[in-house]
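Colleague: Return atomic coordinates for the entry below.
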Amino acid sequence: MGGFRSILTTYQSTNEDFVRQNKYCIEYCFSKFTIKRSLKPGENGKVTIRVYSNNPNKCLKIQICPEHQTFYVEHFLGNKINQCTNSGILCEHLQE
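Modeller: Numbers count the residues shown, from 1 in each chain. The predicted structure follows:
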């Protein structure tokens, strides 16, 4: 769950679940998934959802651009990555 620089606020609800915020994003962390909303200028509120499995080599990453109503999905299966979008073009806000 990536490092946060200059955390402004941290809320602890359980040992596994928490919400934290800094000037760049708000992140909701739970045992099997995280939801992160970007507050960076130019990213237009991009939302990233990561879903984890019991296998540390497998996970799912979904990025959503609210402005253009597009999404981008990456399936991480060990060394193989499958990618898909809902359109032929990838919104520039979803490129990391």
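Colleague: What is the least confident helix or strand in this protein?
Modeller: strand 9-12 (a mean of 33; mean pLDDT, DSSP states H and E).
Colleague: Would you mark the buried spots in the helix or strand following it?
Modeller: Sequence order places strand 18-21 as the next helix or strand after strand 9-12, per DSSP states H and E. Across strand 18-21, burial judged by 16 or more other Cβ atoms under 10 Å covers 20-21. The C-beta positions use only the backbone N, C-alpha and C, and glycine is treated the same way.
Colleague: same check, this time on stretch 34-43
Modeller: Quick answer for stretch 34-43 (16+ other Cβ under 10 Å): 34-38, 43.
Colleague: before we move on, what about stretch 46-55?
Modeller: 46-50, 52.
Colleague: how long is it end to end?
Modeller: 27 Å (Cα to Cα, to the nearest Å).
Colleague: So what's the model's average confidence on that stretch?
Modeller: Mean pLDDT, computed over stretch 46-55, is 90.
Colleague: In contact with the most centrally placed residue in the chain, which residues are there?
Modeller: Nearest residue to the geometric centre of the chain (Cα atoms, centre = their mean): Thr48, 2.5 Å. By Cβ atoms under 8 Å, 6 or more residues apart in numbering, the residues touching Thr48 are 34-36, 38, 61-64.
Colleague: secondary structure element for it?
Modeller: Per DSSP H and E: strand 47-52 holds Thr48.
Colleague: So among the buried residues of stretch 34-43, where is pLDDT lowest?
Modeller: Glu43 (88).
Colleague: Glu27 versus the closest residue to Ile26 other than its chain neighbours, what's the distance?
Modeller: Using Cβ to Cβ, 6 or more residues apart in numbering and skipping the chain neighbours, the partner closest in space to Ile26 is Arg37 (4.9 Å). Distance of Arg37 to Glu27, given as Cβ to Cβ, to the nearest Å: 8 Å.
Colleague: again with Lys61
Modeller: 14 Å.
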